[in-house]
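>>> Quick one, what's the 3D model for this:
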Amino acid sequence: MRSVPCSTIGFQPRANATTGGASSPAARRVPSTAEGQAGWKPLVRTLTGLVLVCALVLAASSAFAVGSINAAVDKPQITVGEPLTYTVTLILPPGATAQLPAEKAKLKLFEVRDYKPTAVTNQDGSQQIVLQYTLVCFDVGTQGLKDFKVPVTAPGAQPETYLAPPLDIKVASVLPPKGEAQPKGFYGPLMLKAWWADWLIPAAVALVIFALVALVIWLLRRRKGRAAEEAPEEILAPDEAALRALDRLGREDLLATGQFLAFYQRLDETLRAWLQARFDLPALERTTLGIAFLLRVRRATDEWRTQYLDLLKAGDRVKYAKLLPTDEEALEHLEQARQIIALARPPEPVAAEDPASQTGDDETKVMAP
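So this is what the prediction gives:
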């Protein structure tokens, strides 16, 4: 039989695995790199859109943030007069302000005993305000904490009023239930000792000691005063008194400290007082010229008169003309004042001799060889 080629009757041979025909899996077409990138682009666009939508939602939520208010108590049951802590937590959006009721909050049957606010600003600009109240209630039964309102004003929005959630507090009586109360015995009035009673005895002792010390001091001073009064005053002659005054003036050493005016004032007063006491002349009331006239009226030839007037004139030059002498001249004037008093001193009286003794002396002289 003659073989007929396949192409003659319209058949084509089937490709096997070695020839890589189109019907084998290995013979399928592999997509290029450009075609793969084109397939991922719709997915990237979708994810980008979702991110933008989330950002817009977050921005809108922050721009139109809404505050909140919450309330809580530290214990749901108390007795009459027992303190209760009522805490209100207020969250305000950024830029919002609230009118806090503070201690003037109206809580109906509850009385506000203490109020303590605390405010904290968060990183997003919102504020957290905690209002802590200490309340007491004197009505028995279930009492409600409600109608706690806080007016809030936010920028770009209408004013709002935040209302805290209501809370029920059970207030129990301090009295025992009916039928269980036992009457207590009656007692007389209790006398309480005052706080200052313990200080009465120490204060009385201190007062007595102070009075005794004051009495001793007064008696000592009185005794010294009486001793000074009873001591006889020493009466000195004018010359002796003047010399003592001049000695005191010399010991004070006013010239070493430059007090020439005080020195000559003391010297002038001493000389004037001596003249007035010695000769009964009003020297303390007269000027230097007046004293010169008084001495001339005495019509007595006083050897010291010229020196006395010179000393008064030297004192006038220092007191009125401000002409200060040297230290040697001032000390010389002090010594001249002593000499004037010594010259003016009256001579001491001479005791009278016995005439009999004088006669005996004469006879002895006659009998002498």
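
>>> Work out the gap between stretch 313-329 and the centre of the chain.
Taking Cα atoms, centre = their mean, to the nearest Å, one finds stretch 313-329 lying 56 Å from the centre of the chain it belongs to.

>>> Kindly report the same for stretch 210-223.
Chain-centre distance of stretch 210-223: 40 Å, with Cα atoms, centre = their mean.

>>> for stretch 158-176, same thing?
Its chain's C-alpha centre and that of stretch 158-176 lie 46 Å apart, by Cα atoms, centre = their mean.

>>> same deal with stretch 117-135?
On the basis of Cα atoms, centre = their mean, stretch 117-135 sits 35 Å off its chain's mean C-alpha point.

>>> Tell me the buried residues in that stretch?
Applying a neighbour-count criterion of 16 or more other Cβ atoms under 10 Å, one finds 126-127, 129, 131, 133, 135 buried in stretch 117-135. For glycine as for every other residue, the C-beta is placed from the backbone atoms N, C-alpha and C.

>>> So for that stretch, first residue to last residue, what's the gap.
End-to-end span of stretch 117-135 (Cα to Cα, to the nearest Å): 15 Å.

>>> who touches it?
The list of residues contacting stretch 117-135 from outside it, by Cβ atoms under 8 Å, 6 or more residues apart in numbering, reads 62, 65, 67, 83-96, 98, 100, 102, 105, 107, 110-116, 145.

>>> Just the ones of those residues in strands?
Of the positions in those, 84-92, 98, 110-116, 145 sit in strands, assigned by DSSP state E.

>>> which of those residues are buried?
84, 86, 88-92, 98, 110, 112, 145.

>>> Between those, which sits nearest residue 297?
Relative to residue 297, the closest of these is residue 112; by Cβ to Cβ it sits at 103.9 Å.

>>> can you pull out the strands in the chain?
Taking DSSP E as the criterion, the chain carries its strands at 68-73, 77-79, 84-92, 97-98, 110-121, 127-137, 141-145, 149-153, 160-163, 167-172.

>>> Those strands: which one's closest to residue 241?
Of all the strands of the chain, the one in closest proximity to residue 241, counting by Cβ to Cβ, is strand 110-121 (86.3 Å).

>>> Sheet-wise, list the partners of the closest one with their directions.
strand 127-137 (antiparallel) (DSSP bridges).

>>> Now do the strand it pairs with, average pLDDT.
Along strand 127-137, the predicted confidence averages to a pLDDT of 90.

>>> tell me the pLDDT at the closest residue to residue 139 other than its chain neighbours?
Counting by Cβ to Cβ, 6 or more residues apart in numbering, residue 139 lies nearest to residue 109, which is 5.0 Å off, once chain neighbours are set aside. For residue 109, the model assigns a pLDDT of 81.

>>> show me the contacts for residue 109.
With contact set as Cβ under 8 Å, 6+ apart, residue 109 has these partners: 137-139, 143.

>>> Look up how far residue 118 lies from the residue lying closest to residue 90 once chain neighbours are set aside.
Once flanking residues are discounted, residue 90 sits nearest to residue 129: 4.4 Å by Cβ to Cβ, 6+ apart. Taking Cβ to Cβ, to the nearest Å as the measure, residue 129 falls 7 Å from residue 118.

>>> now do residue 270
When Cβ to Cβ is applied, the distance between residue 270 and residue 118 equals 88 Å.

>>> swap in residue 147?
Using Cβ to Cβ, we find residue 147 at a distance of 23 Å from residue 118.

>>> for residue 68, same thing?
In terms of Cβ to Cβ, residue 68 sits 17 Å off from residue 118.

>>> Then residue 191?
When Cβ to Cβ is the yardstick, residue 191 and residue 118 sit 47 Å from each other.

>>> For this protein, which segments count as helices?
All helices of the chain, identified by DSSP state H, fall at 6-9, 33-63, 200-230, 238-252, 260-279, 288-297, 305-319, 327-344, 355-367.

>>> helices or strands up against the fifth one?
Just to be clear, that refers to helix 260-279. Counting by 3 or more Cβ pairs under 8 Å, 6 or more residues apart in numbering; DSSP states H and E, the packing neighbours recorded for helix 260-279 are helix 238-252, helix 305-319, helix 327-344.

>>> Quick one: residues in contact with it.
Residues external to helix 260-279 that are found in contact with it (Cβ under 8 Å, 6+ apart): 238-239, 241-242, 245-246, 249, 254-255, 281-284, 291, 298, 308, 311-312, 314-315, 318-319, 324-325, 330, 333-334, 337, 340-341, 344.

>>> circling back to that earlier point, may I ask which of the contacts of residue 109 has the most neighbours?
Taking other Cβ atoms under 10 Å as the neighbour criterion, residue 137 ranks highest of the contacts of residue 109 with 22 neighbours.
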